[in-house]
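A.B. asks: Give me a model of this one.
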Amino acid sequence: MIRAYGLTKRYGDTTVVHGLDFAVHPGTVTGFLGPNGAGKSTTMRMLLGLDAPTRGRSTIGGRDYTTHPAPLTEVGALLEARSVHPGRTAFHHLMALAHTHGIPRGRVERVLDMVGLTGAAHRRVKGFSLGMGQRLGIAAALLGDPATLILDEPVNGLDPEGVLWIRTLLTSLAAEGRTVLVSSHLMSEMALTADHLVVIGRGRLLADTTVDALIRDAGGAFVKVVTPQADTLRTLLAGPGVEIGTDAGTGADHLVVRGTDAAHIGRTAAAHGIPLIELTPQQVSLEQAFMDLTQESVDHRTTAPLTGALA
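C.D. replies: Prediction:
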């Protein structure tokens, strides 16, 4: 388990992390989300003892990371995949790490196979693509067979096969009872992979919740209805718990209905001879829920396309 207790980090007069309190539990994939500059990397560095907090503390497996006698066997981390000596081969890079913890050669060969680098094991890292470097970083994180994984943007540079592999790997590691904390900007991947979310903005905790709860709070499921008799249908559907609005940017014949399902709407329309041009169940995406939650925490926001700028 990972725990943060009031983690705070200041650089001079600037506070980049403000009193973060959260827990990452075993057996789940927890997504660590936030806009650029939110303080995610600084927080992960504090968890791993690479930056000292100005105030507060954190524990991994019940103790400060720096006090673990064999940290590679307790925590596997990927913060900067390219921080590898370019003249080393993938095999020798992992063997150097393995020697510090008495990890046998067989484990090095095993993780190279796990990440798909067996064929490139004796190539120098300076010739690796971004995706290959990422796979090597993940291999290093897995080297000690740790109970806890902290991964920053693990799908960065991976092709579709690699993205699917990472998704499967993370869920399988969590299923084994490991603690998995993953930072990512890819909301589509988090929607498929994460069970729980910790969301920060400008260094402050915005949400510590499940994926389903965040989507539900953002509007959850709704039904898009298009009918020329929108006012009549609106009256017929009105009732406790039912919310009916107009689809933004469209005409009055486009309705957004919450609190009931498409089957009920269809039956009601049919019983009263109301034609339906569209009846589509929909759900707010994790991306939209994230954007809604963090809209006040974005430092750099685009407002409109630069029409003709590239002409």
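
A.B. asks: quick one, strands of this protein?
C.D. replies: Assigned by DSSP state E, the chain shows strands spanning 2-11, 14-24, 29-33, 55-60, 75-78, 148-152, 179-183, 196-201, 204-210, 221-226, 243-246, 254-258, 278-283.

A.B. asks: can you put the ones you listed in CSV and add distance to residue 40 and mean neighbour count?
C.D. replies: Quick note: C-beta positions are derived from backbone N, CA and C, even for glycine. What follows is these, written out as CSV (distance: least, CB to CB, whole Å; neighbours: other CB atoms under 10 Å):
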stretch, distance to residue 40, mean neighbour count
strand 2-11, 12, 18
strand 14-24, 9, 18
strand 29-33, 6, 26
strand 55-60, 14, 18
strand 75-78, 13, 24
strand 148-152, 8, 23
strand 179-183, 5, 26
strand 196-201, 7, 23
strand 204-210, 12, 17
strand 221-226, 29, 20
strand 243-246, 34, 15
strand 254-258, 32, 19
strand 278-283, 26, 13
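
A.B. asks: what about those strands, which gets the closest to residue 298?
C.D. replies: strand 196-201 (7.9 Å; CB to CB).

A.B. asks: got the CA positions of the closest one in CSV?
C.D. replies: Coordinates of the C-alpha atoms in strand 196-201 are reproduced here as CSV (Å, rounded to 0.1, in the frame of the first residue of the first chain):
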residue,chain,number,x,y,z
HIS,A,196,-9.5,3.9,-8.8
LEU,A,197,-8.4,7.4,-9.5
VAL,A,198,-6.4,10.0,-7.7
VAL,A,199,-6.8,13.4,-9.5
ILE,A,200,-4.8,16.5,-8.6
GLY,A,201,-4.7,20.0,-10.0
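
A.B. asks: Check what contacts that strand and list those residues.
C.D. replies: Taking CB atoms under 8 Å, 6 or more residues apart in numbering as the criterion, the residues outside strand 196-201 that touch it are 20, 22, 24-25, 28-35, 38-40, 43, 190, 205-211, 214, 290, 293-294, 296-298.

A.B. asks: so can I have CSV of the strands of the chain showing distance to residue 98 and mean pLDDT?
C.D. replies: Conversion of those to CSV gives the following (distance: least, CB to CB, whole Å; pLDDT from 0 to 100):
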stretch, distance to residue 98, mean pLDDT
strand 2-11, 24, 97
strand 14-24, 26, 96
strand 29-33, 26, 97
strand 55-60, 21, 97
strand 75-78, 13, 95
strand 148-152, 18, 96
strand 179-183, 22, 97
strand 196-201, 31, 96
strand 204-210, 36, 96
strand 221-226, 49, 91
strand 243-246, 58, 91
strand 254-258, 55, 92
strand 278-283, 46, 91
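
A.B. asks: Out of the ones you listed, which gets nearest to residue 84?
C.D. replies: From the strands of the chain, taking CB to CB, the stretch that ends up closest is strand 75-78, at 11.5 Å.

A.B. asks: who does that closest one pair up with?
C.D. replies: When pairing is defined by DSSP bridges, strand 75-78 lines up against strand 148-152 (parallel).
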